[in-house]
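Participant: sequence first, predicted model second:
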Amino acid sequence: MVRFENVKKAYNDVTVIEDLNLHIKEGQLVVLIGPSGCGKTTTLKMINRIIEPTSGSIYIDGEDITKVNPVMLRRKIGYVIQQIGLFPNMTIAQNVEIIPKLLGWPADKRRKRTEELLHMVDMSPEQYADRYPSELSGGQQQRIGVLRALAAEPPLVLMDEPFGALDPITRESLQDEVKRLQKKLKKTIVFVTHDMDEALKIADVIVLMKDGKIVQAASPEELLSNPANDFVAQFIGKHRLNDGLEIETVEDVMRHDPVTVTKDIGTSESVALMKRKGVNSLLVVDDEGRLEGVVTVDKIRKQGKAGRNISELIDKDIRTIPTNTNAREAFDILIEDKLDYLAVVDDKNKVKGLVTKTSIVKALAEVVWKDNGHE
Amino acid sequence: MSEFFAFVVREQDLIISNMLRHIYISLLAVFIGTLIAVPLGIWLTRKRKIANYILGITGIIQTIPSLVLLGLALIIFGLGVKPALIVLSLYSILPILRNTYTGISEVDDMYIEAAKGMGMKNIQILYMVEIPLALPVIIAGIRISLIYIISWATLAALIGAGGLGDLIWTGLASYDKNLIYGGAIPASILALVVGALIGFIQKIATPRGLRR
Amino acid sequence: MEKILITVVDHLQIAATGVLIAVLVGITMGIVLTRYKPIAGFVMSVTDIIQTIPTLALLSILMIMFGLGNATVIIGLFLYSLLPIIRNTYVGILSVDEGLIEAGLGMGMTKTQLLFKVELPIALPIILSGIRIAFITALGITTIGVLIGAGGLGHFIWRGIQMQNTRMILSGAIPVSILAVGADLLLGFLENKLVKRAKRA
Ligand SMILES: Nc1ncnc2c1ncn2[C@@H]1O[C@H](COP(=O)(O)OP(=O)(O)OP(=O)(O)O)[C@@H](O)[C@H]1O
Ligand SMILES: [Mg+2]
């Protein structure tokens, strides 16, 4: 699908990509990962000619991309930029429909496509199609960013740290969605991240880069079991220390960093925080970190007054479990009561963590994938 | 005051015709100014080096007192409506040019990159992304310009442009309060109404997603 | 020549007096408004309306109220200068980082100390930029003052226009333009220096 042959990129005298050779096969989700400044974004942007290589060639389906008009080339490649970049002057539907419109699709076909896409990420068109990006949470905006890239059914999609600015919970659910969409729609995806968790979770192939060079390109399993050198081993370090990990209590399966606020925070501040973290609710705690309840974006929107704090909007009816709860038990509660999350508290009612379905799955996966070759 | 009302009733034709002329001159000048300034401003965003020079020069011109420019216009073009229109149009370019340039320049790079990545042509990026996002700022420039020009047009009467300024300075010359009020009050109302009107247009022209 | 120099001084004096009064009143009002934010919008709208009124219209109405002469022009300059000064003071003080204010309060500063030691110094470049705008505008308005019987360089320009005398026009136009451009550069330079100093701190 995409082939890099001896690609080099230099700015003036500084070489940022050195002799890159890489073959991305059709239908694969390839993750580019590496320390900041190693050339991930540069590599990605050379594929749609936002950046031109200094030397070497890139082929898409066997065709040298320098022979293709960049405008035509890009219309067949979906592109999700890191800062989302939804056009604030256009509605969600208009944003999603841009490329189909440029391609001359008739209006009803465009509309149908938009609705289909919105359904795919569980956002009802009636509710969201005519909203503006500023009226969506961060996580919802990133979903739309992905949909916009998928709208014209490009066979190839490029994503540059698309979930960088999100909180872990929303992030995981979006990763799940991308993986699902990729499998379902059989897309080739090139995905940039600097988060190894993310890479291990979604990649078919992980390309680990350093200083403009590929250090190792392999499947997650291969990378974990056969790191090419010390740098790779170090980079994936913590994922190899899973020996003897056992899951007993919720402490083993919860996230340890939930987003909490105190109740004197202003309504608009908390909406801004939710937006930034891409969540719809915040756990409210007192000065000692004891759980007081939860505040949701809906409630603030409906009843909140600007300039007031959230104290009157706190929902005290929130399901909590103690830290020594059996993990299995927590899982059953989640499933049976159809909850999105459970707050984990200690005997003084202090918030210790948050259990979600994804956090459990992740913990399980770590146990299953534990690697015996290390230490 | 009642004396003034009597004057207004008696001289309403005079006041109205001068007011219409004032409106006509101001609108025409700003219209011409906009036609020049907006494309020029857009072009300058593509030529950053030239832009610095031109905006520097326009910045200097903007500090020069209006009466000076009108005096120079008289020297170069002589008395009459035409010289007045030329100076007013030229002057009206300045705020619109600056705002167009700033408005387009301040469109966040990420939108441009997203648009490029989608396969938009440069011209499509311009009219689908850059201009809509910069529109509120551009219109704000037109508003500033129009308010300035309505003010300047009262002075342009001094070099024969006519309009409400004629009433004011004939009034000043003969110390006729009624004539002064008859020019000054409509001119003030005109400026305020036009300012409010364009402020309103600016609100409407701002896409909902950009309103705060 | 000597006459021109005298007129230049005259011109500067008129413009500076008007702006100076506006600086004293405007900065005070700007500070007060940051403490009474609800009325800030109202006060700004009023000053905004004053600015919208055509210069010649405002000056000639003031002339009817206060008579011919320099004093009337100074009143007009004061009114026109209020908006940029009040607004920039207000915006400047509000732009001070909350963290700095908390730090100041945490160090035990009183509100007054906070104002003079933290808020005003940080807002200074923005306030100065307001003063610059006001002063440049004032130099221009002062030239119009001749029409309501005040002194200043407008005198030559106006006489020149009446007599269609190029020399006469230029003998007013050139010095006043130099004044305006010079003042703009000088005040802009000061402003830059302050900004740079603030950045270094
Ligand atoms: N326009 C440019 N001019 C000069 N150097 C550049 C330019 N763009 C990028 N670079 C350099 O190229 C190198 C690779 O940049 P790139 O953006 O690809 O890094 P990255 O791997 O995406 O990093 P990050 O994780 O921080 O996004 C960096 O050292 C960067 O400083
Ligand atoms: Mg990058």
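Facilitator: Great, that's in hand. Residues are numbered from 1 along each chain as shown, chains lettered A, B, ... in the order given. Ligands and ions are numbered 1, 2, ... in the order given.

Participant: OK, contacts around residue 133?
Facilitator: You didn't pick a chain, so chain A it is. By Cβ atoms under 8 Å, 6 or more residues apart in numbering or on different chains, the contact set of residue A:133 is A:84, A:86, A:87, A:88, A:90, A:92, A:95, A:141, A:144, B:209. Every residue, glycine included, has its C-beta placed from N, CA and C.

Participant: correction: the question concerned chain B.
Facilitator: Contacts of residue B:133 by Cβ under 8 Å, 6+ apart are A:87, A:88, A:89, B:103, B:107, B:111, B:210.

Participant: what about it, which helix or strand?
Facilitator: Assigned by DSSP states H and E, residue B:133 belongs to helix B:131-156.

Participant: how far away from the center of its chain is that helix?
Facilitator: 4 Å (Cα atoms, centre = their mean, to the nearest Å).

Participant: average pLDDT for it?
Facilitator: Averaged across helix B:131-156, pLDDT comes to 94.

Participant: so which bits of it are buried?
Facilitator: Neighbour-count burial for helix B:131-156 flags B:131-156 (criterion: 16 or more other Cβ atoms under 10 Å in any protein chain shown).

Participant: the worst-scoring helix or strand of chain C on mean pLDDT near chain A anywhere?
Facilitator: Ranking every helix and strand in chain C by mean pLDDT, DSSP states H and E puts helix C:98-106 at the bottom, with a mean of 81. No - contact of helix C:98-106 with chain A (Cβ under 8 Å from any Cβ of the partner chain) is absent, the minimum separation being 11.4 Å.

Participant: buried sites along the helix or strand following that helix?
Facilitator: The element immediately downstream of helix C:98-106 (helix or strand, assigned by DSSP H and E) is helix C:111-114. By 16+ other Cβ under 10 Å, the buried positions in helix C:111-114 come out as residue C:114.

Participant: tell me what helix C:111-114 is packed against?
Facilitator: Judged by 3 or more Cβ pairs under 8 Å, 6 or more residues apart in numbering or on different chains; DSSP states H and E, the packing partners of helix C:111-114 are helix C:98-106.

Participant: how far is the helix it packs on from where the chain is centred?
Facilitator: 31 Å.

Participant: name the residues of it that are buried.
Facilitator: Neighbour-count burial for helix C:98-106 flags C:101, C:104 (criterion: 16+ other Cβ under 10 Å).

Participant: ranges for the strands of chain B?
Facilitator: Read by DSSP state E, chain B holds no strands at all.

Participant: tell me where it has helices.
Facilitator: B:2-10, B:12-45, B:48-63, B:66-77, B:81-105, B:109-117, B:122-124, B:131-156, B:164-174, B:177-205 (DSSP state H).

Participant: ok, chain C next?
Facilitator: Under DSSP H, chain C gives helices at C:2-35, C:37-52, C:55-66, C:70-94, C:98-106, C:111-114, C:120-144, C:154-163, C:166-200.

Participant: check the stretch 101-250 of chain A too.
Facilitator: Ranges of helices in the stretch 101-250 of chain A, per DSSP state H, counting those that start in this stretch, are A:107-120, A:125-128, A:138-150, A:168-185, A:196-202, A:220-225, A:230-235.

Participant: which residues sit in contact with whatever residue of chain B ends up closest to chain A?
Facilitator: Going by Cβ to the nearest Cβ, chain A is nearest to residue B:209 of chain B, at 3.0 Å. Shown in contact with residue B:209 (Cβ under 8 Å, 6+ apart): A:88, A:89, A:90, A:91, A:132, A:133, A:134, A:135.

Participant: okay if I get the helices of the stretch 101-250 of chain A as TSV plus distance to residue A:158 and mean pLDDT?
Facilitator: Compiled in TSV, those are given as follows (distance: least, Cβ to Cβ, whole Å; pLDDT from 0 to 100):
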stretch	distance to residue A:158	mean pLDDT
helix A:107-120	18	92
helix A:125-128	25	94
helix A:138-150	8	90
helix A:168-185	12	83
helix A:196-202	15	88
helix A:220-225	20	85
helix A:230-235	23	85
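
Participant: and residue A:289, how far from residue B:162?
Facilitator: 76 Å (Cβ to Cβ, to the nearest Å).

Participant: the closest residue to residue A:2 other than its chain neighbours: how many residues sit nearby?
Facilitator: Residue nearest to residue A:2 in three dimensions, not counting chain neighbours: residue A:24, with 4.2 Å by Cβ to Cβ, 6 or more residues apart in numbering or on different chains. Applying other Cβ atoms under 10 Å in any protein chain shown, we find 22 residues neighbouring residue A:24.

Participant: do the same with the one 10 residues further on
Facilitator: When neighbours are counted by other Cβ under 10 Å, residue A:34 registers 23.

Participant: got a pLDDT number for the residue of the stretch 51-200 of chain A found nearest chain B?
Facilitator: For the stretch 51-200 of chain A, the residue closest to chain B is residue A:132, as judged by Cβ to the nearest Cβ, at 3.0 Å. Note for residue A:132: predicted pLDDT of 93.

Participant: roughly how far apart are the closest residue to it other than its chain neighbours and residue A:89?
Facilitator: Nearest residue to residue A:132, sequence neighbours excluded (Cβ to Cβ, 6+ apart): residue B:209, at 3.0 Å. From residue B:209 over to residue A:89 the distance is 6 Å, taken as Cβ to Cβ.

Participant: same list, the contacts of residue A:133, but as TSV with distance to residue C:105 please.
Facilitator: Shown next, in TSV, are the contacts of residue A:133 (distance: Cβ to Cβ, whole Å):
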residue	distance to residue C:105
A:84	38
A:86	40
A:87	42
A:88	37
A:90	44
A:92	44
A:95	44
A:141	37
A:144	42
B:209	38
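
Participant: between those, which has the most around it?
Facilitator: residue A:92 (28 neighbours).

Participant: what residues are up against that one?
Facilitator: Residues near residue A:92 by Cβ under 8 Å, 6+ apart: A:86, A:118, A:128, A:129, A:130, A:131, A:132, A:133, A:136, A:144.

Participant: write the PyMOL selection for whichever of those residues are buried.
Facilitator: Buried residues among these (16+ other Cβ under 10 Å), as a PyMOL selection:
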select buried, chain A and resi 86+118+128+129+131+132+133+136+144
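
Participant: among the contacts of residue A:92, which lie within strands?
Facilitator: Counting by DSSP E, the contacts of residue A:92 contribute nothing to strands.

Participant: nearest to chain C among the contacts of residue A:92?
Facilitator: Among these, and counting by Cβ to the nearest Cβ, the member closest to chain C is residue A:132, at 25.6 Å.

Participant: how far away is the closest one from residue A:149?
Facilitator: Counting by Cβ to Cβ, the separation of residue A:132 from residue A:149 is 19 Å.

Participant: and for residue A:188?
Facilitator: 13 Å.

Participant: higher neighbour count, those two?
Facilitator: When neighbours are counted by other Cβ under 10 Å, residue A:188 and residue A:149 differ, and residue A:149 comes out ahead with 25 against 22.

Participant: what residues are up against that one?
Facilitator: Contacts of residue A:149 by Cβ under 8 Å, 6+ apart are A:78, A:79, A:80, A:157, A:158, A:159.

Participant: now render those as CSV, adding distance to ligand 1, neighbour count and pLDDT.
Facilitator: Output for the contacts of residue A:149, formatted as CSV (distance: Cβ to the nearest ligand atom, whole Å; neighbours: other Cβ atoms under 10 Å in any protein chain shown; pLDDT from 0 to 100):
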residue, distance to ligand 1, neighbour count, pLDDT
A:78, 19, 26, 93
A:79, 15, 28, 94
A:80, 14, 26, 93
A:157, 17, 23, 94
A:158, 12, 27, 95
A:159, 12, 24, 94
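
Participant: output these in CSV; the columns should cover distance to residue C:166.
Facilitator: CSV is the format used below for the contacts of residue A:149 (distance: Cβ to Cβ, whole Å):
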residue, distance to residue C:166
A:78, 67
A:79, 62
A:80, 65
A:157, 69
A:158, 66
A:159, 68
